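Colleague: Sequence first, predicted coordinates after that:
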Amino acid sequence: MKNFAMLGKWHVHAPGYAKELNNLPGCHITKVWDADAQQAAAWAEELGCQSATVEDILNDASIEGVVICNATNEHTPLILRACAAGKAVFTEKVLALTEKEALEVKESVEKNHTRFAISFPHFSEPGTQFSLEMAASGKLGKLNYARVRKAHNGATGNWLPPHFYDPIACGGGAMVDLGAHPMYLLCALLGEPDQVQSTFTHVTGKAVEDNAVSVLRFPDGAIGVSETGFVSYRYPFTIELGGTEGSLLQRGQHVEYCCAETDNEWKAAEQLPAPKPSPLAQWALAEKPEDIPAIFAIDAAVRLSRVMEAAYK
């Protein structure tokens with residue numbers, strides 16, 4: 001049996017991660033912690049496990065790994081402690097709010113040979129896998145443009161918790177949270193940008209941006225557009241790719257593309273890759289750091305923090 005602990009219920013995905021871990025074969029959550037002791041106790045009762053302190057969890061030799069879901073601005077010290085304690089670490093994005101902090105985490109991960117992964121779930125989806133494979137295949141020619149949009153109505157629908165609009169705890173608004181998905185996908189498609197420019201607006205009057213676009217410039221002349229927001233109702237997850245020899249459009253998990261392979265006609269992708277296990281599942285079931293795909297590993301996590309810091313500057 002692999003035993004795990006949850007460190008924080010601050011993030012909206014924490015309950016889902018806990019449920020997923022308990023449903024994985026041979027995996028079990030034995031302890032939980034949250035800065036709100038009452039919330040931690042209620043969560044422990046719900047999961048049928050113990051509420052504990054961070055110290056107790058990190059000193060418990062039976063616990064193999066921890067899932068970090070505390071406030072974003074508090075990730076770094078908790079992850080550093082977990083690495084030093086010899087625990088495997090899975091973290092909600094983003095890793096840290098600055099490149100400096102992210103590099104501190106990277107140093108600790110490498111020093112302690114930590115099995116580390118970050119939550120970049122779109123890499124596991126069939127449509128996104130197909131789009132990434134097409135981009136890498138060269139069938140679209142040299143990519144010079146990519147646009148990725150991920151948005152929901154958390155602010156206008158009033159279902160995001162109030163602390164998601166705390167500029168200190170979150171380090172920002174829609175872009176640092178939901179916009180992380182377009183950012184890590186653009187980096188996977190085009191590399192690392194050398195310039196980022198952003199426009200952020202406040203549709204619902206929150207202290208942080210709820211409607212956001214960042215434009216990324218890449219050294220080879222390619223342009224990436226990262227779009228996100230908490231104010232768009234049922235907007236489909238979108239990837240658009242433009243290359244010198246073809247283009248691709250993805251809406252949800254439906255993909256159409258046009259290139260020499262399709263006789264230069266727009267056609268739907270008839271066979272998509274099978275869905276892969278989530279990043280959390282791959283991390284939990286892995287045995288050593290080398291088992292974690294590079295797309296979820298520490299260098300990719302640091303890159304996202306670096307690009308996101310640039311977006312806010």
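Modeller: Sure thing, it's come through. Numbering: from 1, shown residues only.
Colleague: List the buried residues in stretch 252-270.
Modeller: Neighbour counts over stretch 252-270 (16 or more other C-beta atoms under 10 Å) mark 253, 255, 257-259, 269 as buried. For glycine as for every other residue, the C-beta is placed from the backbone atoms N, C-alpha and C.
Colleague: Out of those, the closest to E290 would be?
Modeller: Proximity of the buried residues of stretch 252-270 to E290 was ranked by C-beta to C-beta; the top entry is Q253 with 30.0 Å.
Colleague: Now L47. Its backbone dihedrals?
Modeller: Backbone torsions of L47, given as degrees, to the nearest 10, read phi -90, psi -10.
Colleague: ok, it - contacts?
Modeller: 18, 22, 29, 32 (C-beta atoms under 8 Å, 6 or more residues apart in numbering).
Colleague: and what of V12?
Modeller: Per C-beta under 8 Å, 6+ apart, neighbours of V12: 160-161, 164.
Colleague: can you pull out the strands in this structure?
Modeller: With DSSP state E as the criterion, the chain has strands at 2-7, 27-33, 50-51, 63-68, 88-91, 116-118, 143-151, 195-201, 211-217, 223-229, 238-243, 247-251, 254-258, 267-268.
Colleague: quick check, distance from the last one to the centre of its chain.
Modeller: Right, the one you point to is strand 267-268. 29 Å (C-alpha atoms, centre = their mean, to the nearest Å).
Colleague: Point out the other helices and strands that it packs with.
Modeller: Applying 3 or more C-beta pairs under 8 Å, 6 or more residues apart in numbering; DSSP states H and E, we find strand 267-268 packed against strand 254-258.
Colleague: Next, the angle from the strand it packs on to strand 247-251.
Modeller: For strand 254-258 against strand 247-251, the angle by axes from the mean of the first three to the mean of the last three C-alpha atoms, to 10 degrees is 170 degrees.
Colleague: in its sheet, what does strand 254-258 sit against?
Modeller: strand 247-251 (antiparallel), strand 267-268 (antiparallel) (DSSP bridges).
Colleague: tell me the residue furthest from the middle of the protein?
Modeller: Most distant residue from the mean C-alpha position of the chain: D263, 36.0 Å away (C-alpha atoms, centre = their mean).
Colleague: hmm, back to that, the buried residues of stretch 252-270 into JSON lines, with extra columns for distance to G154?
Modeller: Shown next, in JSON lines, are those (distance: C-beta to C-beta, whole Å):
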{"residue": "Q253", "distance to G154": "22"}
{"residue": "V255", "distance to G154": "26"}
{"residue": "Y257", "distance to G154": "31"}
{"residue": "C258", "distance to G154": "34"}
{"residue": "C259", "distance to G154": "36"}
{"residue": "A269", "distance to G154": "30"}
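Colleague: so, if you compare those, which one comes nearest to S247?
Modeller: For the buried residues of stretch 252-270, the nearest to S247 is C258 (5.5 Å; C-beta to C-beta).
Colleague: So that closest one sits against E265, correct?
Modeller: Yes: using C-beta atoms under 8 Å, C258 is in contact with E265, at 6.4 Å.
Colleague: related to what we said a few turns ago, could I get the strands of the chain as JSON lines with distance to L186 and mean pLDDT?
Modeller: Output for the strands of the chain, formatted as JSON lines (distance: least, C-beta to C-beta, whole Å; pLDDT from 0 to 100):
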{"stretch": "strand 2-7", "distance to L186": "29", "mean pLDDT": "98"}
{"stretch": "strand 27-33", "distance to L186": "32", "mean pLDDT": "98"}
{"stretch": "strand 50-51", "distance to L186": "40", "mean pLDDT": "98"}
{"stretch": "strand 63-68", "distance to L186": "24", "mean pLDDT": "98"}
{"stretch": "strand 88-91", "distance to L186": "20", "mean pLDDT": "98"}
{"stretch": "strand 116-118", "distance to L186": "16", "mean pLDDT": "98"}
{"stretch": "strand 143-151", "distance to L186": "6", "mean pLDDT": "98"}
{"stretch": "strand 195-201", "distance to L186": "10", "mean pLDDT": "98"}
{"stretch": "strand 211-217", "distance to L186": "6", "mean pLDDT": "98"}
{"stretch": "strand 223-229", "distance to L186": "4", "mean pLDDT": "98"}
{"stretch": "strand 238-243", "distance to L186": "9", "mean pLDDT": "98"}
{"stretch": "strand 247-251", "distance to L186": "13", "mean pLDDT": "98"}
{"stretch": "strand 254-258", "distance to L186": "17", "mean pLDDT": "98"}
{"stretch": "strand 267-268", "distance to L186": "24", "mean pLDDT": "98"}
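Colleague: So for R306, which of these sits nearest?
Modeller: Here strand 195-201 is closest among the strands of the chain (C-beta to C-beta), at 9.8 Å.
Colleague: Which residues does the closest one contact?
Modeller: By C-beta under 8 Å, 6+ apart, the residues outside strand 195-201 that reach it are 173-175, 209-217, 307, 310-313.
Colleague: burial count for the residue lying closest to I118 once chain neighbours are set aside?
Modeller: Distance criterion C-beta to C-beta, 6 or more residues apart in numbering; nearest residue to I118, sequence neighbours excluded, is A301 at 4.3 Å. Using other C-beta atoms under 10 Å, A301 is surrounded by 25 other residues.
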